[in-house]
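> predicted structure and sequence below. I'll ask about it afterward.
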Amino acid sequence: MKQSILDKPHSGRGQNSVFDREFCVDGIEFELPGLREDPLGLPDLTEVEVVRHFTELTRESYGVDNGSYPLGSCTMKYNPKRNDKLAALPGFQRVHPGQPAETMRGIWRVMYELQLMLNEILGMDAFSLQPAAGANGELAGLFIKKYFDVKKEKDRKVILVADSAHGTNPASATMAGFDCRIISTNESGTMDLEDLRSNLRPDVAALMLTNPSTLGLFETNITEIAGLIHANGSLLYYDGANLNALMGIVRPGDMGFDVVHINTHKTLSTPHSGGGPGAGPVGVKKFLQAYLPGPVADYDGEDYFPSVDKEFSIGRMKSGFGHFDVLVKAYCYILTNGPDGLKECSENAVLNANYLQAGLRDIIPPVFDRLCMHECLLNGDLLRISAYSFAKRLIDYKVHPPTLVGAGCVYFSDDLGSAILIEPTETETKADLDRIVSVFKMVWDEVLHDAEFVNNAPYSREISKVPMASKEVI
Amino acid sequence: MKQSILDKPHSGRGQNSVFDREFCVDGIEFELPGLREDPLGLPDLTEVEVVRHFTELTRESYGVDNGSYPLGSCTMKYNPKRNDKLAALPGFQRVHPGQPAETMRGIWRVMYELQLMLNEILGMDAFSLQPAAGANGELAGLFIKKYFDVKKEKDRKVILVADSAHGTNPASATMAGFDCRIISTNESGTMDLEDLRSNLRPDVAALMLTNPSTLGLFETNITEIAGLIHANGSLLYYDGANLNALMGIVRPGDMGFDVVHINTHKTLSTPHSGGGPGAGPVGVKKFLQAYLPGPVADYDGEDYFPSVDKEFSIGRMKSGFGHFDVLVKAYCYILTNGPDGLKECSENAVLNANYLQAGLRDIIPPVFDRLCMHECLLNGDLLRISAYSFAKRLIDYKVHPPTLVGAGCVYFSDDLGSAILIEPTETETKADLDRIVSVFKMVWDEVLHDAEFVNNAPYSREISKVPMASKEVI
Amino acid sequence: MAGSYNTHSEQTRSEMLGEIGVESIDHLFDDVPGEVRLDRTLDLPQAISEWELESILKSHSRCNQNVDDFSCLIGGGKYNHQVPAVVDAIVSRGEFLTSYTPYQPEMSQGILQALFEYQQLMSKVTGLPVVNSSSYDGATALVDAAWMACSIQGRKRILVSSAIWDEHREVLDTYLEPRGVKISMVGICNRTGGVDRNELEERLGKEEFAGFLFQSPNSLGIVEDVEKINRIIQKSDCLSVLSFTPLLSGLLKTPGEMGVDIVVGEGQPLGIHLNAGGSSLGILSTKDCYRRFVPGRIVGKVTDIKGNLAYSLVFEDREQQVARDKATSNICSNQAMNAIRACIFLGCYGEAGFAGLARLNYAKAHYLRDRLGTLKGLSFPFSGPFFNEFVVGLPKSAGDVLAYLTQQSIFGGLDCSQKFGLDHAILISVTENLSKSELDHFVTQLGEAIR
Amino acid sequence: MAGSYNTHSEQTRSEMLGEIGVESIDHLFDDVPGEVRLDRTLDLPQAISEWELESILKSHSRCNQNVDDFSCLIGGGKYNHQVPAVVDAIVSRGEFLTSYTPYQPEMSQGILQALFEYQQLMSKVTGLPVVNSSSYDGATALVDAAWMACSIQGRKRILVSSAIWDEHREVLDTYLEPRGVKISMVGICNRTGGVDRNELEERLGKEEFAGFLFQSPNSLGIVEDVEKINRIIQKSDCLSVLSFTPLLSGLLKTPGEMGVDIVVGEGQPLGIHLNAGGSSLGILSTKDCYRRFVPGRIVGKVTDIKGNLAYSLVFEDREQQVARDKATSNICSNQAMNAIRACIFLGCYGEAGFAGLARLNYAKAHYLRDRLGTLKGLSFPFSGPFFNEFVVGLPKSAGDVLAYLTQQSIFGGLDCSQKFGLDHAILISVTENLSKSELDHFVTQLGEAIR
Ligand SMILES: Cc1ncc(COP(=O)(O)O)c(C=O)c1O
Ligand SMILES: Cc1ncc(COP(=O)(O)O)c(C=O)c1O
């Protein structure tokens, strides 16, 4: 643990460049209620101390720029530097959202074109770029229950979610005022249609589905599922976290989804920045377009401008206009790749996952013995030590642990307690993948020889292993 | 040693985004002599591989952003981030030097104002910003021997340099077509006036002097020296590498120097970037102004523009206009500090060096027992191990070794073979200095207990100690 | 083949397919039913090179004016404060920028520490001990606080000052209505522009609310008397929820010191670019006793197997990945890097600088207010104290005045006509970024505009 | 007290003075004779804050047009090639940017390796094994090479093609004249625009020179037939020194393969910004046998005390810090970070990309040349082969034509009238950065300009 910024000896100078020769603040009487007399307790450091402190902290962190990061469901692909650079253009970064519309046409143009490109990639009819992240996109999508209100079907109070669903799905359902019902997974790893049918009652507003699922598998029965849902008058919701498997190959809209969200910080390569900001555009079919959160970007053949459907829109998801600084990187990504490039991304993402699955199957076989999509779910039961401990040893070989219980945000039911979800993404080379496989095998060998040694890994970091679900020290 | 970029397995894809849909290059017949058929042998990597490779290399390097860097004579002070940012403005960075003058007035304005500010700081009458670095500034300064040609004093073929002079001084003298004569240092660490007098013959074009000297001491006899030099019809040359001690306190021009150069990457905080680019503005008194290398920046009360004295100028030192990208950071530095700030920089630089000298004197006493200027020269003779080995152990405590024989570019004569030149600079806090002292003392204790252990340091880096003057392995 | 970031040559792909035991890339997608597969190429522009991309984006960006080229007197919740270059320099480092949520504490002590320090420094600014490691923005943080109040109090009714930002009000509606929370409003005092404390007292006396949400400076720029308002709230069984500008703590007692229960705020002023209304930072802070109601990530200290302290995400049983439909919120990705921006910002300014910044904002805004006082035809409808933003009444249409100013390269403020009984009025904001000569120029130009 | 980067409070200063045993800051400067001390404050503008600095510099920068806003057809040695964003991202990292020359190999393996890889990759491009880790720029590298030739040959006479850049010629004069080196010139063939090989052969037959310095593409854009020229040189006892554009190796055999002894070049096209004529990169490369004549730093491999390989500065006995007045050069600070830029640039493009880039430059330049061929009134005075730059003869004053184009937001080229018997002429350069529509627009506008 490095010295805290609060514990650094205060130089006693602070930022002495906060002044303006033309405004002397010394004599001023501040006519405000509740003037403070005591110090706040902020540190007073010199600029070089601040730079050194935070530079040091970055050096105890790890990103895609540092190496493989096969965190399943998080799609940690390369984040192109050119996108960072262009997002920082003053004509984007230094624009105030309150400026007159005619002084920010370029903003609305980028957003408008991005909406259209997302329509095409996902097979939807309209997008709103408002939501701040995937979960916020989900919530926006679920707020579209207003559609049922308008249709006077107020009794649709239930959202169906798969048992393997990401935690945000049920949480969003609750936040949108719904109850959840869980649909189980069958032996082959896809949705149990029987269970679905038995839960599909008139109170169901929507089924939320990730496809490929968080088990890395394509829902082969998707058309049947869509048929069932629509026959029930319900909506089919697409959690686009795993879209990276499908670009240019199959589109959620064509599979029958009515509402979708995507995470630009996954499929579209925008940096996740240690937690965010991300962006979670929400898209719909035509009949739901009016409900989108606004403002959305619009175009009248001449100008680009914000617009919102005053009557039906579910309203604003946040202040401002969506994470423009993030969205513009997604826009750059699509433009750079083009249609063929995007398709190749998805092809290679799936290729890489299957290559890893094949390479690792001797020591960690797949949970479901079939081809996977962009990530593979492996069975850690045979590992002799916990998947958690196994993964920690990878750190010493500069491979970020994959997703597993206790690491990563995916939810595994009890019978998948030792499952490991690996998503290499398409930007790993064959050499990278071969290295990952060999690192896994090396650790596997180490376990055979000295399980205790592996159990106490990692050894190369500032701190030692943190046990799963450690208690906070107050 | 990390894997070389040339040894990385080639992905075989390369930079496939080098194309323009409107220009198909496949069918083209290139009508050029000597078309190549074999590959050059460059690696074909993907972008993320390139990013990871070089990110990793940065992580095995060390800059001021990482901690104390008290390399004597190099003035490794904090390099303000704001300056880097502003130097990258497209209106600076993306300007072609061949543009019409009226499309780059802002460039010439910055350069003109910088020239004036340097005049004021150094007490000179005119500056040229052309030279690429300090040594290039020296050379420019020495090319001003043209003055003697014009005066028909062609026999002035000798440059006097102090025995402690930086290697560039004699090397520049040779490159400018001079011979060197060395003036020795007396017991108190300043120039031996007797020796100077005896070498001051009619063949002397100039005396080059660093003041404070590379021994960290102010030449107390400077006015006398200037008198002697001028009485001999010679010029007094100021190597401004150590200007950081003097800003706002005493000016080379006022001390009698006729020609000066400075290193912006020392006194004026421009990053040294692992070797360069730096910048070495050269300044002169009025009677030499016409000889400056050109173009210099000029101003007619309305416009800013390049100008050069066609008759007398020594010519161009390089293509383009001087390292504008570096110079603009020096300009920012001066503006940010203002006159009082610059003076305080020098005060604190000298304060810090003396504080270190005082703190270390128990274990490493000063070579000359007097107050030092911005750097202190300490005597490593009592250290029991070589200063070189001692310094290597500092690395393990994250202190960059100071300048000494075998490390750093300063030249020490034989009797100073174990001297250590420490220059903390003004941007180190008292806490930083206290830490440096305590690290020295810790290592000192270690030497007492286990000299062999210290002799084999460092232990915390990718490689072990590299012996002094190691032979190259081919 | 196209795409700048794709890796494999055709040959490598074949090799890999061989290892997998599949004949072609197509077969990898056998699970996808044929009838839904896309049988054409996506209708998108063809791939482009880096320089083409750059020229397109630069051209789009040039279709916008920006606050470097214009004097910006627009505020309204987002402000053109200086973003220290140090902030950009640090957050662009790949170790931070390209990392995911730090699920592996062993790999991420640095970023966890930075987030922890954000919580600590922000706690100094709010005066309350608990800070989450970010909500999306000021508006959603207000929603979060409202829902916290409802959960804590077990009551789905909240009372809201009518002088919160319009956008915040809209966002409250979006989130709370579907969840069945009823929102009631309290008006302002027409003289001062602050919350109508009599009405507040009356409403609180009559009905039970989970919390009273108010804002300072409010949407008219008026700095509320938080202590007085709080005293009124405390007489009822209702939580006080303040949405504030963090910079205010440079001058005033912290909201925590003044007794607020939940403090939220828009963190954009703390080192975050305007981003055309893009990503910002939601600050959320509260008392220890309400910790388990807090949404989002929290970083805390745990011990590693050797018993040494280490930073880690903690208290996850509130969060969606564990509590699922019982979670305090669905938030997963948040605004981590913007929280770190705020942390570095506070580190850069420090005690003295932060106070100095607040003072300078005050001084400049009051200078402008005084100068405008000399212009004939303007009015200042509210007498309450203000910080760096205030309302000016105009003798003619705000739209026309602002349009004129735009032509003079001035973003002159936000139109706030027809609100709170105002006729023609604009909300003007001043930051340290405006020089005296820009302010003087603005006065001249506004004078022209209203002639 | 002022200054943004100063550290100590007055109190700290007193404490420290106490430790030193000196009464006041002033006494620290007792060695400075009173009569020369400055008895006033420097007459400089007062200190300013970060935002004031930013606004001043932005305002200065806006007084310049730049190649984002203009179509740039100016070359002449510096070119508007794309600088990959990756390059900027890496070199701005503090570990590289804020380091000094890597005197301590144990602390600096990373930067030493980057410089070593620069040498390696550049050696691929030049086709010669030895590369220094930079000269200042193309012009001073040419000086370095000239001096190397003189030293190697023990002869202070060099022969130079008259079709090298004017600036390079000026720089040669500046450095070589004081050192007593005599420079003679060889003209060009008026038909092709290339070196007049007959004259060359004649001169070399008659006199003894240390080296012949020539450039390709030369200052008229003509790609010289290096092999043929070299064959002529080899018949004499004189070294061949070529100044070339590294991009040419994307298409052609390397100079080394073609038998050149010393290759120099301007490295700016390789990932270095134009910087208004600011810092660039001097490439210098030669054969093994001439290694000890090379100026500047060289990174090589040594062994540490455990016998493991390590990177280090090597062969320092040639350099000023050791050899002092006997050094091969006085260079100390060099262009290290620009060399690393070139290294990353070559890494980004790689074999395929580097060739692709050269091809694209050729293709675009030849497209433009062909399109211009359709305009009446233009002439193309030279028939020699060109790469991405060529001379166009105009029916009227080049100054007027360029001024017209500037008004159309086009930097139309460099005036090269009155040189080599040209009347009105401009040198036009094309890079990948110009789109077809920009080139077409240029044709139209040039047509307008010469009407
Ligand atoms: C399947 C799935 N759904 C939703 C989310 C939530 O997205 P966000 O973190 O962008 O809010 C994630 C994120 O990991 C996810 O993997
Ligand atoms: C005293 C002295 N003179 C000259 C120089 C050479 O300056 P530069 O490295 O800028 O060429 C240095 C550099 O260290 C120096 O310390």
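Alright, I've got the coordinates. Ligands and ions are numbered 1, 2, ... in the order given.
> so stretch C:102-114, near chain D or not?
No. With CB under 8 Å from any CB of the partner chain as the criterion, chain D is not reached by stretch C:102-114; the gap is at least 14.3 Å. Just so you know, the C-beta spots here come from the backbone N, C-alpha and C atoms, and that holds for glycine as well.
> one more: stretch A:393-404?
No. Figure legend: stretch A:393-404 not in contact with chain D (CB under 8 Å from any CB); closest approach 15.5 Å.
> for that stretch, what is the distance to the chain centroid?
Relative to its parent chain, stretch A:393-404 has a centroid offset of 20 Å by CA atoms, centre = their mean, to the nearest Å.
> host element of A:Phe148?
For A:Phe148, the element it lies in under DSSP states H and E is helix A:146-150.
> how far away from the center of its chain is that helix?
Distance of helix A:146-150 from its chain centroid, counting by CA atoms, centre = their mean, is 28 Å.
> list of residues touching whatever helix or strand comes next after it?
Counting by DSSP H and E, the next helix or strand C-terminal to helix A:146-150 is strand A:158-162. For strand A:158-162, the external contacting residues (CB atoms under 8 Å, 6 or more residues apart in numbering or on different chains) are A:142, A:169-170, A:173, A:176, A:178-185, A:191, A:196, A:199-201, A:203-210, A:213, A:237.
> can you tell me, leaving aside adjacent residues, what's nearest to residue 321?
With no chain named, the answer covers chain A. C:Gly277 (4.1 Å; CB to CB, 6 or more residues apart in numbering or on different chains).
> my bad, chain C
A:Gly167 (4.1 Å).
> you'd agree the one you found is up against C:Lys326?
No. Using CB atoms under 8 Å, A:Gly167 is not in contact with C:Lys326; the gap is 10.3 Å.
> can you give me the helices in the stretch 51-200 of chain C?
C:85-91, C:94-97, C:109-126, C:138-153, C:166-176, C:197-206 (DSSP state H, counting those that start in this stretch).
> likewise for the stretch 251-400 of chain C?
Using DSSP H, counting those that start in this stretch, helices in the stretch 251-400 of chain C cover C:320-323, C:336-373, C:398-407.
> and the second one, how far out from the chain's middle?
When you say that, I think you mean helix C:336-373. Counting by CA atoms, centre = their mean, helix C:336-373 is centred 16 Å from the centre of its parent chain.
> cool, the last one as well?
Here helix C:398-407 shows a centroid-to-chain-centroid distance of 27 Å under the convention CA atoms, centre = their mean.
> please apply the same query to the first one.
Counting by CA atoms, centre = their mean, helix C:320-323 is centred 25 Å from the centre of its parent chain.
> state the number of residues packed around A:Tyr299.
16 (other CB atoms under 10 Å in any protein chain shown).
> what's next to the least confident helix or strand in chain C by mean pLDDT, contact-wise?
When the helices and strands of chain C are scored by mean pLDDT, DSSP states H and E, helix C:320-323 comes last with a mean of 86. With contact meaning CB under 8 Å, 6+ apart, helix C:320-323 is reached by A:135, A:166-168, A:170-171, A:409-411, C:316-317, C:327, C:329-332.
> let's go with 6 Å and repeat that
A:Gly167, A:Thr168, A:Ala171, A:Cys409, C:Glu316, C:Ala327, C:Asn330 (CB atoms under 6 Å, 6 or more residues apart in numbering or on different chains).
> check whether the helix or strand hosting A:Leu236 comes near ligand 1.
Per DSSP H and E, A:Leu236 falls inside strand A:235-239. Yes. Residues of strand A:235-239 contacting ligand 1 under CB under 6 Å from any ligand atom: A:Asp239.
> in the helix holding A:Phe148, which residues are buried?
By 16 or more other CB atoms under 10 Å in any protein chain shown, the buried positions in helix A:146-150 come out as A:Lys146, A:Tyr147, A:Phe148.
> possible to save those residues as JSON lines with distance to A:Leu32 and pLDDT?
Shown next, in JSON lines, are the buried residues of helix A:146-150 (distance: CB to CB, whole Å; pLDDT from 0 to 100):
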{"residue": "A:Lys146", "distance to A:Leu32": "42", "pLDDT": "96"}
{"residue": "A:Tyr147", "distance to A:Leu32": "48", "pLDDT": "97"}
{"residue": "A:Phe148", "distance to A:Leu32": "49", "pLDDT": "97"}
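> now do C:Glu23: how many residues are near it, please.
Neighbourhood size, C:Glu23 [other CB under 10 Å]: 11.
> hmm, I typed the wrong one, I wanted C:Arg318.
Number of residues near C:Arg318 (other CB under 10 Å) recorded here: 20.
> for it, list the residues it contacts.
Counting by CB under 6 Å, 6+ apart, C:Arg318 has contacts C:Thr328.
> helix, strand or coil: sort out A:Met442 for me.
When classified by DSSP: H, G, I helix; E, B strand; the rest coil, A:Met442 comes out as helix.
> for it, give me the pLDDT.
pLDDT, A:Met442: 97.
> nearest residue to it other than its sequence neighbours?
A:Tyr397 is the one closest to A:Met442 (CB to CB, 6+ apart), at 7.0 Å.
> and the helices in chain A?
A:47-59, A:81-87, A:90-93, A:105-122, A:134-143, A:146-150, A:168-175, A:193-199, A:222-231, A:252-255, A:324-360, A:387-396, A:430-455 (DSSP state H).
> is chain B contacted by the second one?
No. On the criterion CB under 6 Å from any CB of the partner chain, helix A:81-87 is out of touch with chain B, staying 6.8 Å away.
> re the thing from before, the residue nearest to C:Gln321: what's it in contact with?
A:Tyr411, C:Gln320, C:Gln321, C:Arg324.
> let's have these in CSV, adding neighbour count and distance to D:Ile188.
Formatted as CSV, the contacts of A:Gly167 follow (neighbours: other CB atoms under 10 Å in any protein chain shown; distance: CB to CB, whole Å):
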residue, neighbour count, distance to D:Ile188
A:Tyr411, 21, 76
C:Gln320, 29, 75
C:Gln321, 19, 74
C:Arg324, 22, 80
